[in-house]
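*Asks:* pasting the sequence and the predicted model now:
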Amino acid sequence: MTWPRILTFVLCVTAPLAGNCADDAAARNLAATCASCHGTEGHSVARDIPSLAGVSKEKIASDMKAFRSGGRPATVMHQIARGYTGAQVDVIAAYFAARKP
């Protein structure tokens with residue numbers, strides 16, 4: 001194999017991994033905004049604020065959408081939820097769903 005072919009092969013094999021790393025970093029950055037209330041990695045230390053780690057993606061996304069629409073009462077979450085797009089909510093929900101409870 002020649003060097004150009006080897007380089008092409010390596011780039012083709014590792015490109016999907018780089019994309020996943022970028023996706024993980026983006027998800028982690030979005031989820032970091034939740035840490036001050038819901039705790040690092042979604043483990044809340046406050047009794048009245050739920051932990052998000054291990055909660056299903058569907059439940060978290062549904063709750064966020066309910067906060068955003070006003071369908072679920074909140075003190076600050078209705079304001080926070082309005083700051084995210086539906087796609088961002090899905091990314092955040094998937095991130096916390098993948099954390100260990």
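*Replies:* Nice, thanks for sending it over. Residues are numbered from 1 along each chain as shown.
*Asks:* buried sites along stretch 50-58?
*Replies:* In terms of neighbour count (16 or more other CB atoms under 10 Å), stretch 50-58 has its buried residues at 51-53, 55, 57. C-beta here means a position set from N, CA and C on the backbone, and glycine is covered the same way.
*Asks:* dump those residues to a markdown table, plus pLDDT and secondary structure.
*Replies:* Written out in a markdown table, the entries for the buried residues of stretch 50-58 read as follows (pLDDT from 0 to 100; DSSP: H, G, I helix; E, B strand; the rest coil):
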| residue | pLDDT | secondary structure |
| --- | --- | --- |
| 51 | 97 | coil |
| 52 | 97 | coil |
| 53 | 97 | coil |
| 55 | 98 | coil |
| 57 | 97 | helix |
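*Asks:* and the contacts of stretch 31-38?
*Replies:* Stretch 31-38 is contacted from outside by 42, 44, 46, 49-52, 80, 92, 95-96, using CB atoms under 8 Å, 6 or more residues apart in numbering.
*Asks:* okay, now the unreliable bits of this protein?
*Replies:* Within the chain, the stretches with pLDDT under 70 are 1-21.
*Asks:* that concludes my questions; thank you for your assistance.
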